[in-house]
Every structure is written in C-alpha cells, then in structure tokens.
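J.: With the input below, show me the fold.
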Amino acid sequence: MTTDTIYVVDRVLVRSGHAREFIDAYLDQYVPRATARGLVLDRLLMTPPVWDDDEEHVVTATWTVEGPKEWWAAAVAARHDPTASDWWRSMEPMVIERTRTTEAEPAAVERMSRV
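T.: Take a look at the predicted model:
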C-alpha cells in the first residue's frame, strides 16, 4: 500500500573518535526538538557498525512525517527555530559534513503534489 509518508534523511559524517558523543547529543538534544516540530524518528543507523575511535562514522537518521501538509509545517517550524541551527553549529567540531534529503515512494508523489 502506498502511503503519503515523507522521509527526511539526515546523513552526518562524524570525525574519528566522536561517534558516541555525537549520537548521545543527537538523541538527547536534537531529537526532542525535532519531534516537537512534528518529525518522528523512524531509525538511527551508524556505519561502520562497530565502535572504532580510529574510524570516521556515518550516522543516518530517518525521520517521517505523514504527508505534505505535515512536512511543510515541520519545515517552516525549523526555519523559525534558531535552536536547530545553533545546535548544528555546536556540533561542528565533531562533524565533517552533513546532508539532508526528503524522499517519498514514487507512487505517492503524484497524489502528494496536489497540495
């Protein structure tokens, strides 16, 4: 069944030796704020899947929202919440790079485009 779920995927390349610290801060500080803006954390993954302080790690957070209206509301809320950009700025010593994509099932895109 095709749903109107929109997936917001954050990928963060974390410097060697900082994976645990970054993940703890993400879960303790970033997740509650993003949840308050309407995002639901679907999963948090890490690669390589081993704690190795000599390796860089990619942390992937997949968030969901249940449709375009909810996605827009969360996006607008984030733009008006300086704590999000402040938090990311505070993580700069641990982060090499980060990306965010917004994704949906191809079969749902036509329907969701009519907002």
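
J.: neighbours of the closest residue to Leu39 other than its chain neighbours, just the number please.
T.: In this structure, Leu39 finds its nearest non-sequential neighbour in Trp63, 4.2 Å apart by Cβ to Cβ, 6 or more residues apart in numbering. Glycine gets a C-beta too; all of them are placed from N, C-alpha and C. Trp63 has 24 neighbouring residues, counting by other Cβ atoms under 10 Å.

J.: what bridges to Trp63?
T.: For Trp63, the residues forming beta bridges with it (DSSP bridges) are Val8, Leu41.

J.: show me the contacts for it.
T.: Tyr7, Val8, Val9, Asp10, Ala34, Leu39, Val40, Leu41, Asp42 (Cβ atoms under 8 Å, 6 or more residues apart in numbering).

J.: where's it relative to Asp28, distance?
T.: Here the criterion is Cβ to Cβ, to the nearest Å. By it, Trp63 lies 17 Å from Asp28.

J.: For the protein, which element, helix or strand, carries the lowest mean pLDDT?
T.: Here the helix or strand of the chain ranked lowest by mean pLDDT, DSSP states H and E is helix 106-112, holding a mean of 81.

J.: Counting neighbours, show which residues of that helix come out buried.
T.: Within helix 106-112, the residues that count as buried by 16 or more other Cβ atoms under 10 Å are Ala108, Met112.

J.: Could you say which helix or strand holds the closest residue to Gly67 other than its chain neighbours?
T.: The shortest distance from Gly67 to any non-neighbouring residue, by Cβ to Cβ, 6+ apart, is to Asp4 (4.1 Å). Asp4 belongs to no helix or strand when elements are defined using DSSP states H and E.

J.: Touching, Asp4 and Ala107? I think so.
T.: No - contact between Asp4 and Ala107 fails when scored by Cβ atoms under 8 Å: they sit 10.5 Å apart.

J.: Got the confidence number for Trp72?
T.: Per-residue confidence at Trp72 stands at 92 (pLDDT).

J.: Same question for Arg114.
T.: At Arg114, the pLDDT value in this model is 69.
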